[in-house]
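**Q** Output the structure for:
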Amino acid sequence: MSTATDSTGTSETLITEENVVKALKVDKGSEAVLKSWKVVDFTKRGDNYACLVTSVEVKYSTNEKQDCEVSYVVKLNPQRKFGDFQEAEPFIFEKEGKFYEELVPALNEAITSTGQKPLRYPKCFLVSLEEGKEQIFFEDLRARGFKMYDRRKGLDEPHITLVVSELARLHSASHLLRKKILNVESVASAYEWLGKDFTSFGANCKDLFISWIKRSVDTSVMMLETIGGYETAINWLKSIKPDVEYYMTSYLQSKKFTSVCHGDIWNNNMVFRYDEEGCPVEVTLLDLQINREASPATDLSYFLYTSVNGDVRKPNLDRFLSLYHSTYEEVLEAGGMQMYFTKEEITEEFRSKSVYGILFALVIIPLFLLEPEEVPEMSETDVETLMQDLKTLALQKLKTNPLCKPRFLALFDEFMESGLIS
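**A** Purely as a prediction, here's the structure:
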């Protein structure tokens, strides 16, 4: 029997041989026989926040071959004693596990029936939702050459193009599923867990989540006051702070635009495969803990404002939205359906949901710029101390990291130029 070690350093029997065998047989067939296995950690601070991620290296045999090896990536409930966010752990594992077990096959049925390639997600071999011991076994994408992009850098155009195209494929596949297969107005009516979100996990967790966003607004106000000359943006932030809950809940919906959305689409939650010249050729989306049914523009604004620098986003925004529209249209036409919105309409929807993206950018950008050893460990502190530490680190990075100020200020410069802040 092997054990995994959680982020507190306490030895826990989180991964069991029983689950390793189950995942192996799903992956390699019922004839596969486990010979040995071991847990091998490979992530560092800053790679994951909500869950503990590790890997299991397995040796096994089959009827044809005696010495076989495979590696699995395993996502675990970290069992952190971290305030009211503990309420969310069972829900986010349920959401992600059932997304892979139930919704990915349905979405892929919808999109492959049109002659398109399946959506790009890792293969999932086991979902175990035993309370307090939740875990999900995935294929190890490193074996196929996938790797994370440096989270401290904004994505460049080739990377962005891959992500925007894949988001369009996800959103259009969900439209095909909803209209052609399920024939319902809402995919969440067929998949109840899809309607759950951080704001519905429990009153305490909801309050903590909203408080976190509001504190990020306060920190951003302090950063702008330190820089000086951004009174309009400061006043705007102060004006939207009381409405944060609205932007996180009812603001997500749209009568015309409704799709299954990733929900947490920033560059920590994707991996890329590269060709021999080092150019990205494929993206795989990860970490579906906050999948939801919402306006697809929430995914677009979340991604483009958290993961793209202003000097890349601003001059290319129209092209990215055109790519999104054309990819979406291509999928629908391949499925015998007419496109139901114009490029101008999705552009306007994106603008109308931009506040959602900028609010999460205020949370995520300071985290992006931390060195691994600087990232606070949730298991080692309480919520109040963590939030205060993050504010202190954000203000420090404003002074010491040359990437911080331009990336941060670009958000407000663009909003003011576009008239969204006035």
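**Q** show me where this protein has helices.
**A** Taking DSSP state H, the helices of the chain run over residues 17-28, 89-98, 104-112, 157-176, 203-227, 231-240, 244-248, 296-306, 310-334, 343-352, 354-368, 383-400, 404-418.
**Q** Disregarding residues adjacent in the polypeptide, which is nearest to the spatially most central residue of the chain?
**A** When CA atoms, centre = their mean is applied to the chain, the residue found nearest the centroid is D264 (3.1 Å). Among residues not flanking D264 along the chain, I290 sits closest, at 4.4 Å (CB to CB, 6 or more residues apart in numbering). To be clear about C-beta, it is placed using only N, CA and C from the backbone, and glycine gets the same treatment.
**Q** Which residues are in contact with that neighbour?
**A** I92, K95, D197, F198, H262, G263, D264 (CB atoms under 8 Å, 6 or more residues apart in numbering).
**Q** hang on, the earlier thing: dump the helices of the chain into JSON lines; add mean neighbour count as well.
**A** Written out in JSON lines, the entries for the helices of the chain read as follows (neighbours: other CB atoms under 10 Å):
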{"stretch": "helix 17-28", "mean neighbour count": "18"}
{"stretch": "helix 89-98", "mean neighbour count": "21"}
{"stretch": "helix 104-112", "mean neighbour count": "18"}
{"stretch": "helix 157-176", "mean neighbour count": "22"}
{"stretch": "helix 203-227", "mean neighbour count": "18"}
{"stretch": "helix 231-240", "mean neighbour count": "15"}
{"stretch": "helix 244-248", "mean neighbour count": "17"}
{"stretch": "helix 296-306", "mean neighbour count": "26"}
{"stretch": "helix 310-334", "mean neighbour count": "17"}
{"stretch": "helix 343-352", "mean neighbour count": "16"}
{"stretch": "helix 354-368", "mean neighbour count": "23"}
{"stretch": "helix 383-400", "mean neighbour count": "16"}
{"stretch": "helix 404-418", "mean neighbour count": "18"}
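**Q** mind showing which ranges of the protein have poor pLDDT?
**A** Within the chain, the segments meeting pLDDT under 70 span 1-13, 44-51, 79-87, 199, 201-203, 372, 375-383.
**Q** run the last query once more with 80
**A** Residue ranges of the chain with pLDDT under 80: 1-13, 43-51, 78-89, 197-205, 250-251, 255, 366-387, 420-422.
**Q** Next up, the contacts around the closest residue to S352 other than its chain neighbours.
**A** Closest residue in space to S352, ignoring its immediate chain neighbours: A297 at 7.1 Å, by CB to CB, 6+ apart. Residues counted as contacts of A297 (CB under 8 Å, 6+ apart) are S254, F257, I346, E349, F350, S352, K353.
**Q** got it, and L403?
**A** R152, K153, L369.
**Q** who wins for most neighbours among the residues you listed?
**A** L369 (23 neighbours; other CB atoms under 10 Å).
**Q** was I right about that one contacting K405?
**A** No - counting by CB atoms under 8 Å, L369 does not reach K405; the two are 10.4 Å apart.
**Q** Please verify my assumption that M339 contacts Y328.
**A** Yes - in this structure, M339 is within contact of Y328 by CB under 8 Å, at 7.2 Å.
**Q** circling back: in a markdown table, list the contacts of A297 along with distance to T43.
**A** Formatted as a markdown table, the contacts of A297 follow (distance: CB to CB, whole Å):
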| residue | distance to T43 |
| --- | --- |
| S254 | 35 |
| F257 | 35 |
| I346 | 35 |
| E349 | 35 |
| F350 | 32 |
| S352 | 36 |
| K353 | 31 |
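**Q** which of those lies closest to S216?
**A** K353 (18.0 Å; CB to CB).
**Q** For the closest one, give me its contacts.
**A** Per CB under 8 Å, 6+ apart, neighbours of K353: Y251, S254, S295, A297, T298, L300, S301.
**Q** For the second one, which non-adjacent residue is closest in space?
**A** Ranked by CB to CB, 6+ apart and with sequence neighbours excluded, the top spatial neighbour of S254 is S295, at 3.9 Å.
**Q** and the one you found, how far is that from K256?
**A** 9 Å (CB to CB, to the nearest Å).
**Q** joint contacts of those two?
**A** E349.
**Q** If you count surrounding residues, which of these two has more?
**A** For S295 and K256, the more surrounded residue by other CB under 10 Å is S295, and the numbers stand at 25 against 10.
**Q** how about that one, what does it touch?
**A** L252, Q253, S254, F257, T258, S259, C261, E349, K353.
**Q** give me the number of residues near the fourth one?
**A** Neighbour count for F257, taken as other CB under 10 Å: 21.
**Q** Please name the nearest non-neighbouring residue to it.
**A** F257's closest residue in space is S295 (CB to CB, 6+ apart), at 4.6 Å.
**Q** Distance check, that neighbour against I234.
**A** Taking CB to CB, one finds S295 at 28 Å from I234.
**Q** just checking, M270 touches L285?
**A** Yes - here M270 reaches L285: they are 5.3 Å apart, a contact under CB under 8 Å.
**Q** neighbour-wise, which of those two wins?
**A** M270 (24 against 19).
**Q** W193: how many residues sit nearby?
**A** The number of residues packed near W193 is 16, by other CB under 10 Å.
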